[in-house]
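Novice: build the 3D model from these lines:
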Amino acid sequence: MPTFKRRDQEEFEKAKDLLEGAPVAEMGFVKSLFFGRLNLEKVMPYPKQNPDDAQRGEELLSNLEMFLKSEINADKIDAEERIPKSVIDGLGKLGVLGMTVPKEFGGGAYSQTAYCRALELVSRYCASTAVLIGAHQSIGLKALVLMGNDEQKKQFLPDLATGKKLAAFCLSEPEVGSDAANIQTTARLSEDGTHYILNGHKKFATNAALAGMMTVMAKTPIEIDGKVKEKVTAFIVTPDLPGFEVVSPNRSKMGIRGTWQATLKFTDMRVPKDRILGQLGKGLKVALSVLDYGRCTLSAGCVGGSKQLMEMCIKHALNRKQFSRSLSEFHLIKKKIGLMAQNIFAMDALTYLAAGMVDRHEGDMMLETAISKLFCSEMMWQIADDALQIFGGEGYIRENGIERAVRDARINRIVEGATEVMTSFVALVGMKNVGEEFESILRASKHPIGNFGRLAKFASSQFSDVVMGSGAKPGRDTGKLHPKLHEEGRMLASLTTRLARSVHKLLRTHRMEILDMQLLQERISWSVVEMFAMAAVISKLQSMLESHGSNGHNGNGNGNGNGVEDALKRDLLIGKAFCHRVYDAINHRFNTLWRNRDDELLAVADTVLAKH
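Specialist: Below is the predicted model of the structure:
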């Protein structure tokens, strides 16, 4: 029993580092859903780019597309497992590798939205190239931009912004993947107090074998309240430091084969004390802040790749004949393309809503960016698989690009938070805020809830209309929606109420055991994921309807606005259809929280595992 308690206390400390809850008043849109609050003002109006940023961005995109058409050969990059230096140099000259770096350090100072649009475009041409850009800028140098001091920025950012040097982000280790708090690489202060002595290994570090600067996470001993504790710290590491070794520059992979993921070794490497990024012992905060940006851009890559796949599928379905009929006439093919259209519309809405939140510096967007990555990576995988099915045998042949797209798409469900980890993460972070307002998920007995007396008082005093059963008015917070979106607004409001009631009942029923009940977590998590996607779709449609009205179109389809009118009708059909489909799916998940065959499924797994 003492060992069990000690282990739980260690996990509690890690959870505190990882999850620093925001006050209720500052909760983001998604966390508020768990409390039965539908705060549409947090997602509306739908974000719009600053006009100057948008204009500069369009000019860059125009130049970038010409470069991609002339210089990128995705099949060759895939076959040779390398991105030519000429491509990297060209991206640097265009300014793509320094888009989000401040101008005073040689960058373009573009918004996150403009950067996501660039990543979306690159992903249409080559997933490997998009990953190289993202690893360099979204995470590799992002900690330096966000947390670095002026001297650090002056020293490193100019070369990184122009592509003269590449950056890498080193977190994963041989024994550590998504479990960031358990990294084993250590950094201890030298006796003279001038350096940290770094020892350990890193793996899957994209660009690291090519990089001139790396953000490396390591554990450092820190005295807190008279006790020495191991806390993660972020360091700036360069390959010229003695003790740095590239064990393996790359390993051949299933997809994104043009990118290189290195295995690194640090042996008594002396890292100058002034290369600490951010605060000593606050490395997990650095990592999570960086991932907020990285997940947005990964989502944008999924959007770009998915749009390209759908365009290819539409063309193929219209031209391919089967049984003397166009493939596009068969309902099962129409189903796949219809679902592609719905999901891509939602992916786009979600990605650029999250990017807009980053641009306006939302204080609490941890779950929003996590959901963007989770939803887009899962949807792209489904789209890629359906695209292969639509193309049939031709899709399986390498020359058509579908086979490569399927291989490239698969990694998105693993990197920057594996699907299973992110699924539990979304559910537990949200329930943690309900269970005990502002304390960590884990208590002394792996307890996500804590003091239930306090929870009951909290619920009854502030949220009794939603959580305790009296119900909320179905139209609350939806009054400002366009009349064409009232039905979808009411649907989202009713789901919000049902979510809060379901979460409260789960916590009362299962108490501490809920932390290990991942099949229930999955139902809650994906309900919330699709609710946020639904909110993004509604917000985007609202913006489109408002813009349509401000342009003087009266909705009758007459005049010069026919093209705009048709596009609006199409988008309304697609967006509303997405909302209706996920509304049914979410309600089904809520129903199966209490009536399911989970125990039977787990028993089968246990039996098979025990046999071996």
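Novice: okay, now the unreliable bits of the stretch 451-600 of the chain?
Specialist: 451-479, 550-561 (pLDDT under 70).
Novice: who are the packing partners of whichever strand or helix holds residue 421?
Specialist: Under the criterion of DSSP states H and E, residue 421 resides in helix 419-435. When contacts are defined as 3 or more C-beta pairs under 8 Å, 6 or more residues apart in numbering; DSSP states H and E, helix 419-435 sits against helix 29-33, helix 366-391, helix 486-510, helix 518-550. Quick note: C-beta positions are derived from backbone N, CA and C, even for glycine.
Novice: by mean pLDDT, flag the weakest helix or strand of the chain.
Specialist: helix 464-467 (a mean of 36; mean pLDDT, DSSP states H and E).
Novice: for the stretch 301-450 of the chain, give me the ranges with low pLDDT.
Specialist: For the stretch 301-450 of the chain, the ranges with pLDDT under 70 are 436-450.
Novice: now the strands for the stretch 251-400 of the chain?
Specialist: 261-272, 276-277, 321-322, 325-326 (DSSP state E, counting those that start in this stretch).
Novice: what is the mean pLDDT for the second one?
Specialist: Per-residue pLDDT over strand 276-277 has a mean of 96.
Novice: so which elements touch it?
Specialist: helix 142-147, strand 227-237.
Novice: any chance of these in a markdown table with mean neighbour count as columns?
Specialist: Listed next are those as a markdown table, based on neighbours: other C-beta atoms under 10 Å:
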| stretch | mean neighbour count |
| --- | --- |
| helix 142-147 | 22 |
| strand 227-237 | 19 |
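Novice: mean pLDDT and distance to residue 126 added to these, as TSV?
Specialist: As requested, these are exported to TSV (pLDDT from 0 to 100; distance: least, C-beta to C-beta, whole Å):
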stretch	mean pLDDT	distance to residue 126
helix 142-147	95	22
strand 227-237	93	28
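Novice: quick check: closest non-adjacent residue to residue 232.
Specialist: Of all residues not flanking residue 232 in the chain, residue 283 sits nearest, at 3.5 Å (C-beta to C-beta, 6 or more residues apart in numbering).
Novice: name the nearest residue to residue 406, ignoring sequence neighbours.
Specialist: Nearest to residue 406 is residue 384, by C-beta to C-beta, 6+ apart, at 4.6 Å.
Novice: surely residue 115 forms part of a helix?
Specialist: Yes - counting by DSSP: H, G, I helix; E, B strand; the rest coil, residue 115 is located in a helix.
Novice: settle this for me: the residue nearest to residue 232 is touching residue 233, isn't it.
Specialist: Yes - the pair residue 283 and residue 233 passes the contact test of C-beta atoms under 8 Å, sitting 4.5 Å apart.
Novice: give me the common contacts of these two.
Specialist: With contacts taken as C-beta atoms under 8 Å, 6 or more residues apart in numbering, the residues that reach both residue 283 and residue 233 are 217-218.
Novice: buried stuff in the lengthiest helix in the chain?
Specialist: Using DSSP state H, we find that the single longest helix of the chain is helix 283-319. Buried residues in helix 283-319, counting neighbours by 16 or more other C-beta atoms under 10 Å, are found at 283-310, 312-313, 316-317.
Novice: what's the answer for stretch 562-578, then?
Specialist: Result for stretch 562-578 [16+ other C-beta under 10 Å]: buried residues 565, 568, 571-572, 574-578.
Novice: next: stretch 498-512.
Specialist: Applying 16+ other C-beta under 10 Å to stretch 498-512 flags 498-504, 506-507, 512 as buried.
Novice: nearest to residue 229 among the residues you listed?
Specialist: Lowest distance from residue 229 to the buried residues of stretch 498-512 (C-beta to C-beta) belongs to residue 512, with 24.8 Å.
Novice: phi and psi next, for that closest one.
Specialist: phi -60, psi -30 (degrees, to the nearest 10).
Novice: cool, residue 482 as well?
Specialist: Per degrees, to the nearest 10, the backbone of residue 482 is at phi -60, psi 140.
Novice: for it, which non-adjacent residue is closest in space?
Specialist: Nearest one to residue 482, counting by C-beta to C-beta, 6+ apart, is residue 545 at 4.5 Å.
Novice: hmm, back to that, can I get the strands of the stretch 251-400 of the chain in JSON lines with distance to residue 28 and mean neighbour count?
Specialist: Formatted as JSON lines, these follow (distance: least, C-beta to C-beta, whole Å; neighbours: other C-beta atoms under 10 Å):
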{"stretch": "strand 261-272", "distance to residue 28": "32", "mean neighbour count": "19"}
{"stretch": "strand 276-277", "distance to residue 28": "25", "mean neighbour count": "22"}
{"stretch": "strand 321-322", "distance to residue 28": "48", "mean neighbour count": "10"}
{"stretch": "strand 325-326", "distance to residue 28": "46", "mean neighbour count": "12"}
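Novice: just put those in CSV and tack on distance to residue 418.
Specialist: Putting the strands of the stretch 251-400 of the chain into CSV (distance: least, C-beta to C-beta, whole Å) gives the following:
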stretch, distance to residue 418
strand 261-272, 16
strand 276-277, 25
strand 321-322, 38
strand 325-326, 40
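Novice: so which of these is nearest residue 164?
Specialist: strand 261-272 (19.4 Å).
Novice: and that closest one, how far out from the chain middle?
Specialist: 28 Å (C-alpha atoms, centre = their mean, to the nearest Å).
Novice: other SSEs contacting that strand?
Specialist: Using 3+ C-beta pairs under 8 Å, 6+ apart: strand 261-272 touches strand 195-206, strand 227-237, strand 244-248.
Novice: 6 Å instead, please
Specialist: Counting contacts by 3 or more C-beta pairs under 6 Å, 6 or more residues apart in numbering; DSSP states H and E, strand 261-272 is packed against strand 195-206, strand 244-248.
Novice: mean neighbour count, those strands: which tops it?
Specialist: Most buried of the helices and strands packed on strand 261-272 by mean neighbour count (mean count of other C-beta atoms under 10 Å) is strand 195-206; its value is a mean of 21.
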